[in-house]
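Participant: Fold the following for me, if possible:
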Amino acid sequence: MDFRTVGQYLNKIMGWAVNASAFGAASIVVILMAMVVADIFGRKVLNKPVPMSYEVGAFMLVFIVFMGLAYSQRQRAHIRVEILTLRMPPRLRAIMDLVAFTLGIAIYGAIFYQTFKWSYHSFEIGEYVAGLVNIPKWPSQFAVAFGALLISLQFISDWVYRVVDLVALFQKSPVNEVAEVEELPGDAVAEPAISD
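Facilitator: Model prediction:
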């Protein structure tokens, strides 16, 4: 099994996981919208707001943000400043992508590790937010760990694809080198070709 086959297999698994997570985040957005509308209607019309809507809404936002991170990475929807990278040769551009993906793996891997420990401790001691109903903290804390793990795995998938691209670029002679680095799976917009 070669490196490209491993990358394609990993990409297929990541596609399923990332899309499922994004669907979950979108579903929570719909629930949050319904809750906010009910709270506003109850507050303004019935003079009876939905209890704990602020606290529950804050917990839902954590799920929405962290469950959607990997999808944004997969679609290349995160903010990227490309003023320099678009003017670089394809090999250097691929190397810069590898550096960025490696940093992403390290940072989000550390976030996963710490938040998983933190959320597990919160689960063990039964930590909660006091209110009309005591809301446990650990589900939203686990959402941070899950989102960090998922984006780390997406960075690994992207890293594998860039390594394959880089190997292919180094195997070509500089005269015949194509200026376009292959798109990662999920790329929304292809990078423009820049001649060397």
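Participant: now the longest helix belonging to the chain: mean pLDDT?
Facilitator: Using DSSP state H, we find that the single longest helix of the chain is helix 3-44. Per-residue pLDDT over helix 3-44 has a mean of 91.
Participant: what's the next secondary structure element after it?
Facilitator: helix 53-74 (DSSP states H and E).
Participant: how much does that next one deviate in direction from helix 3-44?
Facilitator: 160 degrees (axes from the mean of the first three to the mean of the last three Cα atoms, to 10 degrees).
Participant: shaky segments in this protein?
Facilitator: 1, 173-196 (pLDDT under 70).
Participant: Kindly recompute the last result at 90.
Facilitator: 1-14, 47, 49-55, 76-91, 93-94, 128-135, 160-196 (pLDDT under 90).
Participant: Dead centre of it: give me the residue that sits there.
Facilitator: What sits nearest the mean C-alpha location of the chain, by Cα atoms, centre = their mean, is A70, with 1.9 Å.
Participant: residues contacting it?
Facilitator: 14, 17-18, 21-22, 147, 150-151, 153-154 (Cβ atoms under 8 Å, 6 or more residues apart in numbering). For the C-beta atoms, the positions are set from N, CA and C on the backbone; glycine is no exception.
Participant: do the same with P49
Facilitator: By Cβ under 8 Å, 6+ apart, the neighbours of P49 are 39, 42-43.
Participant: Next, format those as TSV and append neighbour count and distance to L61.
Facilitator: TSV is the format used below for these (neighbours: other Cβ atoms under 10 Å; distance: Cβ to Cβ, whole Å):
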residue	neighbour count	distance to L61
D39	19	15
G42	15	20
R43	13	20
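Participant: Show me which of the residues you listed is closest to V163.
Facilitator: Checking the contacts of P49 against V163 by Cβ to Cβ gives D39 as the nearest, at 49.3 Å.
Participant: Pull the distance from stretch 130-139 to the chain's centre.
Facilitator: Distance, stretch centre to chain centre, for stretch 130-139: 26 Å (Cα atoms, centre = their mean, to the nearest Å).
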